[in-house]
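Novice: structure of the sequence below:
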Amino acid sequence: MLPRALRTNVRTILGAAATLLAVVNFSFAQPRAEAGIPVTDPLVLAKCGTCHAVDQHGSMRRVSSARATPEGWQDVVRRMIRDDGVSLTPPEARDIVRYLSTRHGLAPDETRPVMYYAERRIRDEAATTGADVRDACSRCHQAARALAWRRTAEDWKLFAEEHAARNHFELEPGVVASLAKRAPLRTPEWDAWSARASMPAITGRWLASVHVLGHGSLVGDVEVESVPGGDEFLTRAHLRAVDGKTELTRTGRVIVYAGSAWRGRSSGNTDARLAPNDLLNETRDVMWISPDGSRAEGRWFWGQYQELGFDVKLQRASPGPDLLLVEPVAFKLGTSANRMRLIGDRFPSRVAPADLAAGPGVTVRRIISSSATEVVAEVDVAKDAVPGRRDVAFRSSTLARAVALYDRVDYVKVVPEEAMATFGDQTHPRGFQQFEAVGYQRGPDDKRHTDDDLELGPIDVEWSMEVFYEIDLSRRARVGTISTTGFFAPAAVNPAANYDVWIIATAKTETTSEGKPLVGKCYLVVTVPTYLLDGRTFVRDLDRWVEEGSPR
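Specialist: Got it, this is the predicted structure:
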């Protein structure tokens, strides 16, 4: 047996070793905190540092652990002003959002899948968002609002707990882990994008291809001019309708965040009182710029509920020729002497049938006319051509999936298929809705309303409406009217009630196999004004401060 003193020393040594081993094991077992993005802007440090401490690495609590779109950071600044009493002047609010949206923003590849939220589009998220995240978020808003953020795992946990407590709901298990996996702070896309020496320049001339529900397609160009001393730009858009009935000029002001997020406002620069669906109305312009800076796409929207808008595609002007649009967008099999219009920029003075190609089964017979912006060709479509979408090429310029070849119109879809319009009151303007009727041929699976169906573009229809459970026509007048172009206007007098309505499009020329007109329907809810908890006026004013530096 060991002497007592030696036994005591052995126990002491073994105990110390065990303690040391436990400390070592504990240090290895603890996850290392994920490194945040240092904050270097003096204004952000001064205005946010009081509540968000900065560590020795320059990381600011919570702020360094997150990235977001400009809309996300606007929401944060709005909440800090409203709930936490942060005092900011309009230029300070703008500069803080600008810094955070650029240095703590999203890469183009991260932004694109959730652009529909910034563009104020309604999307079915069932196929693109996990059920757990969708169920947790969609009780109040689209899941894309959450997925437009990137956070550390720890920050997702803090955010989810605070959000659940603030909005009084119980957080489902697994949501935080799913968010942390789907939207981590560090991604290869952001590392590559933020390391770029320079961002794409947007100044110069862009070619524009635009579609507006109920107004058809427009083409033209957008000139972008830089404002000295920053990342702000002036824009001037010249657009003309392909039917020749409309020409318009719109000017605006834009900020580009992180080299890829185009945010601004534009209008027709008129003091005249405009109709709700006039294309000169002031719009909020939200665009995504491709990583190489060669193209941009997005939505310019307006309306009390952002319900009206331009769908816009821009591409860099080249020495030419550039093909922007083909009209019409569908040709029937077995037809001859069709007129195909190619609309673009810098077409050559001499054009031959060999300059144009639309794939097997489409024969270009002759060129009817040509100019620098339009070529009209006569084409035949073979009866045995394969139905489907075709690329159209003019020399070196190709427009992907520009036209559809079809043999019949199987059904009419009203776009949007589900919609809402709102009555107004003393403080809230009415919310309108524009509809468009689009023809479809069912695809190879021979089923309607499936993914392989062939879209044939807008068709000529007569518009009407029916109120659910309508006994006589008196209720219809209390709800609103639908115009010959598919524009729904709620009644001027608010009846303080909700109405379910069918918006009906009846084709003028397309019929079923029994010879009856094809009919499409949209389900429309006409309701009382929708109120925002933080106030529509406050939100609109702050957005202007952020974008323009001063309220109006």
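Novice: okay, buried residues for stretch 380-399 please.
Specialist: 380-381, 385, 387-390, 392-394, 397, 399 (16 or more other C-beta atoms under 10 Å). Every residue, glycine included, has its C-beta placed from N, CA and C.
Novice: what about Val329, how many neighbours?
Specialist: Residues lying near Val329 (other C-beta atoms under 10 Å) number 16.
Novice: residues in contact with it?
Specialist: 402-404, 456-457 (C-beta atoms under 8 Å, 6 or more residues apart in numbering).
Novice: check Pro353 too.
Specialist: Pro353 makes contact with 364-367, 377 under the criterion C-beta under 8 Å, 6+ apart.
Novice: now swap in Met420 and tell me
Specialist: Taking C-beta under 8 Å, 6+ apart as the test, what Met420 contacts is 305, 431, 433, 524-527.
Novice: picking that back up, and the two most separated of the buried residues of stretch 380-399?
Specialist: Pro387 and Ser397 (24.8 Å; C-beta to C-beta).
Novice: domain assignment for the chain?
Specialist: 1-30, 42-194, 204-316, 322-406, 411-527 (automatic domain parsing).
Novice: so for Gly36, which of those domains sits nearest?
Specialist: Closest to Gly36 of those is domain 42-194 (C-beta to C-beta; 3.0 Å).
Novice: pretty sure Ala524 contacts Pro416?
Specialist: If you look again at residue 524, you'll see it is Leu, not Ala. No - assessed by C-beta atoms under 8 Å, Leu524 is found out of contact with Pro416, at 9.1 Å.
Novice: quick one: common contacting residues for these two?
Specialist: Gln433.
Novice: more neighbours, the two?
Specialist: Neighbours were counted for Leu524 and for Pro416 using other C-beta under 10 Å; Leu524 has more, 26 against 19.
Novice: excluding chain neighbours, what is closest to the more buried one?
Specialist: Excluding the flanking residues, the one nearest Leu524 by C-beta to C-beta, 6 or more residues apart in numbering is Val501, at 4.4 Å.
Novice: OK, contacts around that neighbour?
Specialist: Counting by C-beta under 8 Å, 6+ apart, Val501 has contacts 465-468, 479, 523-526.
Novice: where do the helices sit along the stretch 101-250 of the chain?
Specialist: 108-111, 115-118, 131-137, 144-147, 153-167, 175-182, 188-194 (DSSP state H, counting those that start in this stretch).
Novice: out of the ones you listed, which is the most enclosed?
Specialist: Mean neighbour count (mean count of other C-beta atoms under 10 Å) peaks for helix 144-147 among the helices of the stretch 101-250 of the chain, with a mean of 22.
Novice: in PDB, could you pull the C-alpha coordinates for that helix?
Specialist: Presented in PDB, the C-alpha positions along helix 144-147 are these (Å, rounded to 0.1, in the frame of the first residue of the first chain):
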ATOM      1  CA  ALA A 144     -39.800  34.900 -49.100                       C
ATOM      2  CA  ARG A 145     -39.700  37.700 -46.600                       C
ATOM      3  CA  ALA A 146     -37.800  35.600 -44.200                       C
ATOM      4  CA  LEU A 147     -35.700  33.900 -46.800                       C
END
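Novice: strands paired with the lengthiest strand in the chain, and their directions?
Specialist: Counting residues, the longest strand in the chain under DSSP state E turns out to be strand 499-511. Neighbouring strands of strand 499-511 in its sheet, by DSSP bridges, are strand 461-467 (antiparallel), strand 517-527 (antiparallel).
Novice: which stretch among those comes nearest Val312?
Specialist: Among the strands paired with strand 499-511, strand 517-527 sits nearest to Val312 (C-beta to C-beta), with 23.7 Å.
Novice: touching the closest one from outside, list them.
Specialist: By C-beta under 8 Å, 6+ apart, strand 517-527 touches 409, 411-423, 433, 435, 437, 439, 461, 465, 479-480, 488, 490, 498-508, 510-512.
Novice: try it again with 7 Å
Specialist: The contact list for strand 517-527 (C-beta atoms under 7 Å, 6 or more residues apart in numbering) reads 409, 411-414, 416-422, 433, 435, 437, 479-480, 488, 490, 498-507, 510-512.
Novice: next one: stretch 367-377
Specialist: 339-347, 351-353, 356, 364, 378, 394.
Novice: make it 10 Å
Specialist: 219-220, 240, 242, 320-325, 327, 338-356, 358, 364-366, 378, 394 (C-beta atoms under 10 Å, 6 or more residues apart in numbering).
Novice: endpoint to endpoint, it covers what distance?
Specialist: Stretch 367-377 has an end-to-end distance of 4 Å (criterion: C-alpha to C-alpha, to the nearest Å).
Novice: how about that stretch: buried residues?
Specialist: Buried-residue list, stretch 367-377, by 16+ other C-beta under 10 Å: 367, 370, 373-377.
Novice: looking at these, which is nearest Trp193?
Specialist: For the buried residues of stretch 367-377, with Trp193 as the reference and C-beta to C-beta as the criterion, the closest is Thr373, at 35.6 Å.
Novice: per-residue pLDDT, that closest one?
Specialist: With respect to pLDDT, Thr373 scores 96.
Novice: change the start of the numbering to 16 and stick with it
Specialist: With 16 as the first residue, the last one maps to Thr388.
Novice: and it, its phi and psi?
Specialist: The phi/psi pair for Thr388 (degrees, to the nearest 10) reads phi -120, psi 0.
Novice: now find how far off-centre the longest strand of the chain is within its chain.
Specialist: Put simply, strand 514-526 sits 28 Å off its chain's centre (C-alpha atoms, centre = their mean, to the nearest Å).
Novice: cheers, nothing more for now.
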